[in-house]
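Participant: fold the stuff below for me.
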Amino acid sequence: MKAKVFVSLKKSVLDPQGKTIHTSLRNLGYSSVEDVRQGKFFEISLDSSLSRLDAQKEVERIARSVLTNPVIEEFSYEIE
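Facilitator: A predicted model of the protein is given here:
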């Protein structure tokens with residue numbers, strides 16, 4: 001079983017790296033890009049004996065305690 005965890009800055013937090021990427025894209029001619037927010041992606045392999053509910057609980061604990069700074073970041077995930 002695999003979990004895909006996506007971490008991004010909260011909308012209320014400034015994203016200077018995203019702004020730099022956005023500016024670069026516009027300078028390269030990608031004028032249709034309105035905004036860019038950068039983030040992190042993690043792929044976690046889980047024990048296949050876990051139930052889906054236990055896998056969700058485990059991934060949420062990992063994301064909250066290790067992968068994110070809850071003051072400025074939020075996360076979402078998918079279990080495959």
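Participant: which parts of this structure are helices?
Facilitator: 16-27, 52-62 (DSSP state H).
Participant: reformat those helices as JSON lines; add distance to E73, mean neighbour count and mean pLDDT.
Facilitator: To be clear about C-beta, it is placed using only N, CA and C from the backbone, and glycine gets the same treatment. Below are the helices of the chain laid out as JSON lines (distance: least, CB to CB, whole Å; neighbours: other CB atoms under 10 Å; pLDDT from 0 to 100):
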{"stretch": "helix 16-27", "distance to E73": "13", "mean neighbour count": "13", "mean pLDDT": "97"}
{"stretch": "helix 52-62", "distance to E73": "14", "mean neighbour count": "14", "mean pLDDT": "97"}
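Participant: so which of those gets nearest V7?
Facilitator: helix 52-62 (11.1 Å; CB to CB).
Participant: and the closest one, what does it pack against?
Facilitator: Helix 52-62 is packed against strand 2-9, strand 73-79, with contacts defined by 3 or more CB pairs under 8 Å, 6 or more residues apart in numbering; DSSP states H and E.
Participant: in TSV, list these along with mean pLDDT, distance to E34 and mean neighbour count.
Facilitator: Output for those, formatted as TSV (pLDDT from 0 to 100; distance: least, CB to CB, whole Å; neighbours: other CB atoms under 10 Å):
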stretch	mean pLDDT	distance to E34	mean neighbour count
strand 2-9	98	16	17
strand 73-79	98	21	15
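Participant: now distance to R61 too, for those strands, in a markdown table please.
Facilitator: Shown next, in a markdown table, are those (distance: least, CB to CB, whole Å):
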| stretch | distance to R61 |
| --- | --- |
| strand 2-9 | 11 |
| strand 73-79 | 11 |
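Participant: for T23, which of those is the nearest?
Facilitator: It is, among the helices and strands packed on helix 52-62 and with distance given as CB to CB, strand 2-9, at 17.2 Å.
Participant: neighbouring contacts of that closest one?
Facilitator: 15, 18, 37-46, 55, 59, 62-63, 67-68, 72-80 (CB atoms under 8 Å, 6 or more residues apart in numbering).
Participant: I'd like the helices of the chain as TSV, with distance to K4 appended.
Facilitator: Shown next, in TSV, are those (distance: least, CB to CB, whole Å):
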stretch	distance to K4
helix 16-27	20
helix 52-62	9
